[in-house]
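**Q** coordinates only, sequence not included:
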């Protein structure tokens, strides 16, 4: 074929068509080959001493065939044309029929590049070491009660390419960079830890726009503050959840239940709820992959679909699920450009990207002033969620009491217990201070970078756990 394209893994259009034709020979109606090469680099220091520098690279391919709602797949490290043909032939043996589908001409779609890298990495670790040393110094000098500091710089550079029988011919580069500081404080009897950090889908230029000292100071402050906090008194009270990582409530207790992974199987509390009211009228939420250089942003998803902004909830009404190609067949729902996988070793499926509540009309100060008594959850921690019911249990890493419309005493050991569907309906105030925080989300297709976020919100009533007693 004259002037045919060759992808970044050395596979020509002719080779690609041959592989896919073999995959479809026994009656499959969709075939796909996904390829990636990923470099992971980590540098970590404990209390100012570098204790880990690591670098690893993985490269491979995944072949899958779909027939109706059945899928067969395999992953390999040998990405040669001959081996991919062998894998395609072997998988095709799982389908017993005659060829019904032709490979469509490959089309590379024009995609807006929302993630752009200027400096992927340096040839040495001098810059990272300087950043680590500066952060460590700030934490150590913050208080004599700081007993340990961990600082981490993590970089993941992933090149991917996917071609498929529906004409897909698409690639992407992801360059996730993250900086994390963890501080541990002790009074000789108990210990308390806290962390702070930042991450973007861009290169080392990320550090041009963050304040390393402020990140370090926040970790140190929260560790010392919680060391001297009193135990939270449990009860059913209003809860004000801070912006940024407070959005983990939306991520875990709600949007996991909007992923086709759960919905297509009928295992979500939000099944059959499209067009229905699932939240209070002031709630608007999106999942988007097109916020420029954000941690969870992607130019195309791992099925080659251009990324997009998906409105999930509009004025309290459920507008969309997150859907990949395979589940789109089952659900009769448009694909949303949100099919993701950790690497070729994992099967791709619907996943979140950057997920957050949109700004409301209140201010942070107005929300606090309007709360007679409650809990201010400044920083959220981990927890557990049942996607089928939306029931959750989350830890509050840093919390304060709200008394007579003012933030007063720090409290520790608070947990938030409830269900996502109830929380969405009980949100009665939303601030105008939207921000996002970074995390790694683990699910069926592995661990992937996702942003969680929100403005400060108030939930009118939540069950708060705690072992404290009133004074």
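**A** Yep, it's here. Quick caveat, the model's predicted, so the values are computed rather than measured. Numbers count the residues shown, from 1 in each chain.
**Q** alpha carbons only for contacts and neighbour counts from here, please
**A** Noted.
**Q** State the number of residues packed around residue 9.
**A** When neighbours are counted by other C-alpha atoms under 10 Å, residue 9 registers 17.
**Q** which ones are touching it?
**A** 35, 161 (C-alpha atoms under 8 Å, 6 or more residues apart in numbering).
**Q** run the last query once more with 10 Å
**A** Going by C-alpha atoms under 10 Å, 6 or more residues apart in numbering, residue 9 touches 35, 36, 37, 59, 60, 61, 79, 80, 159, 160, 161.
**Q** Could you verify that the fifth one is part of a helix?
**A** No. The assignment for residue 60 is strand, going by DSSP: H, G, I helix; E, B strand; the rest coil, so no helix is present there.
**Q** still on that earlier bit, and the contacts of residue 9, which are buried?
**A** Neighbour counting with 16 or more other C-alpha atoms under 10 Å marks 35, 36, 37, 59, 60, 61, 79, 159, 160, 161 as buried within these.
**Q** For the first one, which non-adjacent residue is closest in space?
**A** Using C-alpha to C-alpha, 6 or more residues apart in numbering and skipping residues adjacent in sequence, the residue nearest residue 35 is residue 61, 4.2 Å away.
**Q** cool, the fifth one as well?
**A** With C-alpha to C-alpha, 6+ apart as the criterion, residue 60 has its nearest non-adjacent residue at 4.1 Å, and that residue is residue 77.
**Q** With the fourth one instead?
**A** The shortest distance from residue 59 to any non-neighbouring residue, by C-alpha to C-alpha, 6+ apart, is to residue 37 (4.2 Å).
**Q** Can I take it that that neighbour is in a helix?
**A** No. Counting by three-state DSSP, residue 37 falls outside a helix, being strand.
**Q** So what pairs up with it in the strands?
**A** Taking DSSP bridges as the rule, residue 37 bridges to residue 59, residue 159.
**Q** Then residue 285?
**A** Counting by DSSP bridges, residue 285 is bridged to residue 313, residue 357.
**Q** Go ahead and confirm it touches residue 321.
**A** No. Between residue 285 and residue 321 there is no contact under C-alpha atoms under 10 Å: 11.8 Å.
**Q** Quickly list the domain ranges of the chain.
**A** Domain segmentation of the chain under automatic domain parsing yields 126-161+170-227, 231-467.
**Q** can you give me the helices for the stretch 251-400 of the chain?
**A** Using DSSP state H, counting those that start in this stretch, the helices found in the stretch 251-400 of the chain span residues 260-263, 325-331, 364-369.
**Q** To residue 380, which of the ones you listed lies closest?
**A** helix 364-369 (17.1 Å; C-alpha to C-alpha).
**Q** Buried residues of that closest one, list them for me.
**A** Within helix 364-369, the residues scored as buried using 16+ other C-alpha under 10 Å are 364, 367, 368, 369.
**Q** okay, the first one: pLDDT?
**A** To tie it back to what came earlier, the one meant is residue 364. We have a pLDDT of 98 for residue 364.
**Q** What mean pLDDT does stretch 403-410 get?
**A** Here stretch 403-410 scores 98 as its mean pLDDT.
**Q** Now do the buried residues in that stretch.
**A** Neighbour-count burial for stretch 403-410 [16+ other C-alpha under 10 Å]: 403, 405, 406, 407, 410.
**Q** Show me what it is in contact with.
**A** Contacts for stretch 403-410 (C-alpha under 10 Å, 6+ apart): 222, 225-232, 365-376, 378, 398-402.
**Q** what do you get for stretch 462-471?
**A** Here stretch 462-471 makes contact (C-alpha under 10 Å, 6+ apart) with 230-240, 374-375, 393-396, 411-419, 422-423, 426.
**Q** Can you give the distance of that stretch from its chain's centre?
**A** Its chain's C-alpha centre and that of stretch 462-471 lie 31 Å apart, by C-alpha atoms, centre = their mean, to the nearest Å.
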